[in-house]
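*Asks:* this is a predicted model, with the sequence first.
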Amino acid sequence: MSAAILPPSKTQYLTVPETAKDKASLKSFDKAEVAKHNKEGDLWIIVDTAVYDVSKFADMHPGGSHVLLQVAGKDATEAFFGMHRSEVLTKYSRYLIGTIAGDKPQIVLPTNGTLSPVPYAEPTWLSEGFKSPYYRDSHRSLQKAMREFVDAEVREDAQMHEKDGKRPTVELVQKMGSPDMNLNAMRLGPSKLLHGKKLFGGVKPEEFDYFHEMIISQELVRAGARGYADGLQGGMCIGLPPVMNFGSDELKQKVIPDVLAGKKFISLAITEAFAGSDVAGLRTTAKKTPDGKHYIVNGTKKWITNGNFSDYFSAAVNTGNGLSMLLIPRGEGVETKLIKTSYSTTAGTAYITFDNVKVPVENLLGKEGKGLFVVLSNFNHERWAMCCGSVAGSRLIVEECMRWAHQRKVFGKALINQPVIRAKLAAMIYKIEGLQAYLENVTFQMCHMTYAQQADLLAGPIGLLKTACTRAAGEIADDAVQIFGGRGITQNGMGGIIEMFQRTQKFDAILGGAEEVLADLGVRQASRKMPKAVL
Ligand code: HEM
C-alpha cells in the first residue's frame, strides 16, 4: 500500500444568512430599529447578527413565549446557544428577516460533505496538518462522496425513522444498490461482487480494500441514529456472506442480485431465546423429508436484525448430525414479529417462528453438520465492522461534548473552564484516538492477509478490539451524560445524540459476540500460541 500523503478534503462553511433560501429579501437593520420590536405580537430578536421576526412563532416556541419576550428587541445570541443546536437556525430560517448592518456573524454552519473543524471530531487522517500512511486518493474521494451522501440523503431519513420506527426508505436502499453507486455490494468488503462494477466515490474495483469499507461504515454512523444504522442493510451485511461463500451457483444467482439491488432483504438468523453466543445450544430443527428433497424446519429465532422485513433468512438449524446453515425464504409457516428493544424498531429486530417450513435441500449453505464453520467464517469480518461503527459512534459523542463544553455557560463561565469537564474530555479523546489507531492497524493486517491467515491470526485481536471499543463506549457514554446533565437523558434538543448513544451503546457489547466472550477468546487464542520453550 503506497503512503499517499494528501491534504484532507477542503471544508466549507456558511453563515446562517448565507444559507437562507431567499437571500435577496433580507434587509439591513441597525440595533435601534430592532429594539422597537419588543412586545407580544411584534417580537424581533438578534442571534449572531441575524434578525429574526418571531412574532408569530412565539406561541409555538417549544421553550415558551415568555423566554422570547425576555429578550425581545435584544441580542439573544448567548441565551440562544445555551439552549439550542445551531441547526435550529437553518431549520427555522423562515423567520429570518435581515442582518445587523456592519456586524460580522461569528457562527458558521457546515455545508453538506464538510469535515468538522472541532478538534478530535475527525480521525487523524482527516485532520488538517496530520498525515497517515494508510489512506490513498481513492479513500479520500470515497470519504468525501460518503460524507456528502450521508448529509444530503441519509441523515433526514435516519432521524425520521429512528423516531417513527418504520424501516429505512426502500428507495434509498435501492439507490445505494443502483449500478451507479453499488454501495450495498461495497458494504460487504472486497469481494468478487465488485468486479467490473462502477463503484461509489470513483473507487476502482481492483483497489477496493478494507479501508474503503471502514470509511463507508464510519461515515454512515454520522447520521446519528443507532437503530437505523442497523436497519439500513445490517441484515444484508451479515446474512448475505453465507450465501456468497457457501451457496450453490443457482442459489447465488437467484438471491444475490436482488438483495444487492434492494429488491429483496435478508438477515442472519442464528440466536434463539435459548442460546445467544452459545451457538451449540440452538434448538431449531431441520428434518429431511423421506424423499430427501426438502427440510422441514421447526423452531424460533430471536433478536434477528431486519428480520421483520426480510425475504430470506440465513438460519442456523440442527439437522440431527450437528449444526447446519440453511437459507429459508419467507413463506408458509414463517412468521415474524417486531421486538421492542432499546433502540428504534426501524432496525426491524424480530422474533421469528418457523412452523413446519418446507425448504428445498438446495438451500443448504455449506455442508450438512458443518454449519458452525459457516457461522464462524464471517464472525471476524462482522466484529471488525462493528468496531468501525463503534469507534465512529464514540467519536461523534466527543464532538458533541466538545461543542457543548464550549457553548454551555454555568456559574458564569463556559463548561470547558472547569477542570473536571476537561478531565472527562481527555479520557474520551485518548480512548477514541487509541481505538482508531488499533482499528487501523487491524484493518491494515486484514488488507495484507489471506482469508486463512486472518482466521488464524486475527480472531483474537479482533475479539479484543471489539471488547476495547465497547468498554470505552460505555465509559464515554457515562462521561458524556454527566457533561450534558439532564439533556443527556432527554431525547429532543441539545443532548439528543448523547441520549441515543447512552441508550444504545450496549448493542455493540452484545451483538456479534458478547464482550466477555470475545475478551476471553482473545486471551485463549494468545494462550494457544504461547511457546512452550519460554516457560
Ligand atoms: C430564532 C429563534 C428561536 C428558535 C427558532 C427556537 C426554537 C426552539 C426549538 C426548536 C426548541 C426545541 C428544542 C430544540 O430542538 O433545540 C426550543 C427550545 C427552547 N428554547 Fe428556543 N428558539 C429560539 C429562540 C430562543 C431564545 C432566544 C431563547 C431564550 C432566551 C430560547 C429558549 C428556549 C428554551 C428554554 C427551550 C427549551 C429547552 C429545553 O427544553 O432544554 N429560544 N427552541
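*Replies:* Cool, the structure landed.

*Asks:* so which bits of the stretch 1-150 of the chain are right by the ligand?
*Replies:* Residues of the stretch 1-150 of the chain that fall close to the ligand, judged by Cβ under 6 Å from any ligand atom: 45, 47, 52, 54, 61-63, 67-68, 70-71, 76, 79-80, 83-85, 88, 92, 95. (Glycine included, C-beta is placed from N, CA and C.)

*Asks:* so which bits of the chain are right by the ligand?
*Replies:* Taking Cβ under 6 Å from any ligand atom as the contact definition, the chain meets the ligand at 45, 47, 52, 54, 61-63, 67-68, 70-71, 76, 79-80, 83-85, 88, 92, 95, 492-494.

*Asks:* what do you get if the cut-off is 8 Å, keeping everything else the same?
*Replies:* With Cβ under 8 Å from any ligand atom as the criterion, the chain meets the ligand at residues 45, 47, 52, 54, 57, 61-64, 67-68, 70-71, 76, 79-80, 82-85, 88-89, 91-92, 95-96, 486-487, 490, 492-494, 496.

*Asks:* where exactly do the strands run in the stretch 251-400 of the chain?
*Replies:* Under the criterion DSSP state E, counting those that start in this stretch, strands of the stretch 251-400 of the chain are mapped to 266-269, 285-288, 294-304, 312-318, 323-329, 334-338, 350-360, 364-365.

*Asks:* can you tell which of those is closest to Y430?
*Replies:* strand 294-304 (33.0 Å; Cβ to Cβ).

*Asks:* sheet-wise, list the partners of the closest one with their directions.
*Replies:* strand 285-288 (antiparallel), strand 350-360 (antiparallel) (DSSP bridges).

*Asks:* turn the ones you listed into a markdown table, columns for mean pLDDT and mean neighbour count.
*Replies:* Converted to a markdown table, the strands paired with strand 294-304 look like this (pLDDT from 0 to 100; neighbours: other Cβ atoms under 10 Å):
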| stretch | mean pLDDT | mean neighbour count |
| --- | --- | --- |
| strand 285-288 | 97 | 18 |
| strand 350-360 | 98 | 19 |
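
*Asks:* make a markdown table from these and add distance to G247 to it.
*Replies:* Shown next, in a markdown table, are the strands paired with strand 294-304 (distance: least, Cβ to Cβ, whole Å):
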| stretch | distance to G247 |
| --- | --- |
| strand 285-288 | 16 |
| strand 350-360 | 12 |
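
*Asks:* of these, which approaches S217 most closely?
*Replies:* For S217, the closest of these is strand 350-360, at 22.9 Å, according to Cβ to Cβ.

*Asks:* run the angle between the closest one and strand 312-318 for me.
*Replies:* Relative orientation of strand 350-360 with respect to strand 312-318: 80 degrees, computed using axes from the mean of the first three to the mean of the last three Cα atoms, to 10 degrees.

*Asks:* chain center to strand 350-360, what's the gap?
*Replies:* 30 Å (Cα atoms, centre = their mean, to the nearest Å).

*Asks:* compare the strands of the stretch 251-400 of the chain and give me the one nearest I416.
*Replies:* Minimum separation from I416 across the strands of the stretch 251-400 of the chain (Cβ to Cβ) falls at strand 294-304, 40.3 Å.

*Asks:* that older thread, what's the most buried one of the strands of the stretch 251-400 of the chain?
*Replies:* Highest mean neighbour count of the strands of the stretch 251-400 of the chain: strand 266-269, a mean of 30 (counted as mean count of other Cβ atoms under 10 Å).

*Asks:* direction included, what does that one pair up with?
*Replies:* Within its sheet, strand 266-269 is paired with strand 312-318 (parallel), according to DSSP bridges.

*Asks:* what does the strand it pairs with contact?
*Replies:* With contact meaning Cβ atoms under 8 Å, 6 or more residues apart in numbering, strand 312-318 is reached by 239-240, 242-243, 255, 259, 264-270, 279, 282-286, 295, 297, 299, 301, 304, 307, 323-330, 334, 352, 354, 365, 371, 375.

*Asks:* residue of the stretch 51-200 of the chain nearest the ligand, please.
*Replies:* G63 (2.4 Å; Cβ to the nearest ligand atom).

*Asks:* nope, the stretch 401-535 of the chain is what I meant
*Replies:* Nearest to the ligand in the stretch 401-535 of the chain, going by Cβ to the nearest ligand atom, is G493, at a distance of 3.7 Å.

*Asks:* please tell me how far the residue lying closest to that residue once chain neighbours are set aside sits from E128.
*Replies:* Nearest non-adjacent residue to G493, counting by Cβ to Cβ, 6 or more residues apart in numbering: R487, 6.4 Å away. Counting by Cβ to Cβ, to the nearest Å, the gap from R487 to E128 is 30 Å.
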